[in-house]
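Visitor: Okay, here's the prediction I keep looking at, along with the sequence it came from:
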Amino acid sequence: MSETVRPAFAGRERPLLSYGIAFPAAAANHVTVTFHASRVYMICSGSLARNTDSLDRLIAALGPEKVVGHRVGMQSHTLWSEVLEIVDEARNAKADLILTLGAGSLTDGAKIVALALANDIHTQDELETLAQGPSKRAEINAPTVPIISVPTSLSAGEYSNFAGGTKDSSRRKYSFQPPTRGPQLIILDPELAEATPDSIWISTGVRAVDHCVETLCAIVGTTSASDELAEHALGLLVPGLLRCKKDRSDRDAHLQCQLGSVDAMAASVCKFNAKYNANCDRQARVREFLLNDPVVSDVLHIRSVDIETADLGDILDAVIRELGMPRSLGDVHVGRDKLDALAAHSLHDRWCQSNPVPLKEKEQVLEILEMVV
């Protein structure tokens, strides 16, 4: 099979997508031919490094002399302390390209690292001047070190030009927006993705479902073209995830990885917005679309959901339950004692402001959280 290389989005030159050949060969070729790089810093998933030979294969394909440093594993939610460790290593190594192998926190980490390198960042206080907030500096240099990502989940963070990172001292997650840049090349390899645990694959798939529902239910910033793409993706994701679901024995590991997940929240947010009559027409359209899918209809029948009275939140709840995902904050070990701080931190998130019912008060967020305690 030959390699296919094409833009990921119509009308945009980058990021590029590569698929059709094994990821080591694709990465080795593009590092040299596309990016003319010779000093690669790698960030690899801890599970991939421990459980597969993927990292060794990639280093061998690139040539050990081109790999000037590597990091194995990052904690969830992209801690600033770890980002700065990588920044120091990449700066000292004079890296001219960052390559990520895996998905999740390391994808956002690479974006923030590239931004920090371009702005000579050394401390957490300096890093805060690049994030959204009152300390943000007026002039921020765009990244110059490109990123190649080889993802192993459905989270899709590789396709965006913003990132989230958590300040260690406050545990608050900050948004880094343009001139932050995402990967310039995304290499897709289905054989590599087979190494992803089912729990991670399905939970990140639910995250992708959430993105589709958010787009289709949004009341501003969408177009008929974006709605069509989101609907098409939703029509592939939901039945695809339900078909690939298997019995799993790694439930405890699954719960651990779900902290901060949207799995318990998506249906409740829909119900909250519907209660305040914010986007009921948009929700009704998504509801009908899902009801017309025979795989979804089977799930609703199995779970004794009354399709005459079920709203979009009820349908999403049934689908997510069928996939074995957490349905409460308690399932992911988030107790009531954490709700106040969680609600307060959420108000800093730009997506709260763009919700069909803009979330401006802590009490609004608490109302949603109370649905899933």
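Guide: Perfect, I can see it now. Numbering: from 1, shown residues only.
Visitor: Any regions of the stretch 101-250 of the chain where pLDDT drops low?
Guide: 246-250 (pLDDT under 70).
Visitor: in it, which spans are strands?
Guide: 147-150, 163-166, 173-176, 185-187 (DSSP state E, counting those that start in this stretch).
Visitor: For those, give me CSV that also has mean neighbour count.
Guide: Backbone N, C-alpha and C define where each C-beta goes, glycine included. CSV is the format used below for the strands of the stretch 101-250 of the chain (neighbours: other Cβ atoms under 10 Å):
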stretch, mean neighbour count
strand 147-150, 27
strand 163-166, 24
strand 173-176, 20
strand 185-187, 25
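Visitor: To residue 273, which of those lies closest?
Guide: Nearest to residue 273, of all the strands of the stretch 101-250 of the chain, is strand 173-176, at 21.8 Å by Cβ to Cβ.
Visitor: so what does that closest one touch, helix or strand wise?
Guide: Contact here means 3 or more Cβ pairs under 8 Å, 6 or more residues apart in numbering; DSSP states H and E; on that basis strand 173-176 packs against helix 105-118, strand 163-166.
Visitor: Test my guess that residue 17 contacts residue 8.
Guide: Yes: Residue 17 is in contact with residue 8 according to Cβ atoms under 8 Å; the separation is 4.9 Å.
Visitor: how about residue 17, what does it touch?
Guide: Applying Cβ atoms under 8 Å, 6 or more residues apart in numbering, we find residue 17 in contact with 4, 5, 6, 7, 8, 185, 186, 188.
Visitor: neighbours of the last one, just the number please.
Guide: Neighbours of residue 188 under the rule other Cβ atoms under 10 Å: 18.
Visitor: Equivalent analysis for the third one, please.
Guide: Counted by other Cβ under 10 Å, the residues lying close to residue 6 total 9.
Visitor: Need the max-distance pair from the contacts of residue 17.
Guide: For these, and using Cβ to Cβ, no pair is farther apart than 7 and 188, which are 13.8 Å apart.
Visitor: quick one on the thing from earlier: what about the strands of the stretch 101-250 of the chain, which gets the closest to residue 323?
Guide: strand 163-166 (24.1 Å).
Visitor: Which neighbouring elements make contact with that closest one?
Guide: Right, strand 163-166 is packed against helix 80-92, helix 105-118, strand 173-176 by 3+ Cβ pairs under 8 Å, 6+ apart.
Visitor: What strands flank the last one, and is each parallel or antiparallel?
Guide: Just to be clear, that refers to strand 173-176. strand 163-166 (antiparallel) (DSSP bridges).
Visitor: got the contact list for the strand it pairs with?
Guide: By Cβ under 8 Å, 6+ apart, strand 163-166 touches 77-80, 83, 107-109, 111-112, 115, 127, 131, 157, 172-176, 180.
Visitor: Ramachandran coordinates for residue 70?
Guide: phi -150, psi 150 (degrees, to the nearest 10).
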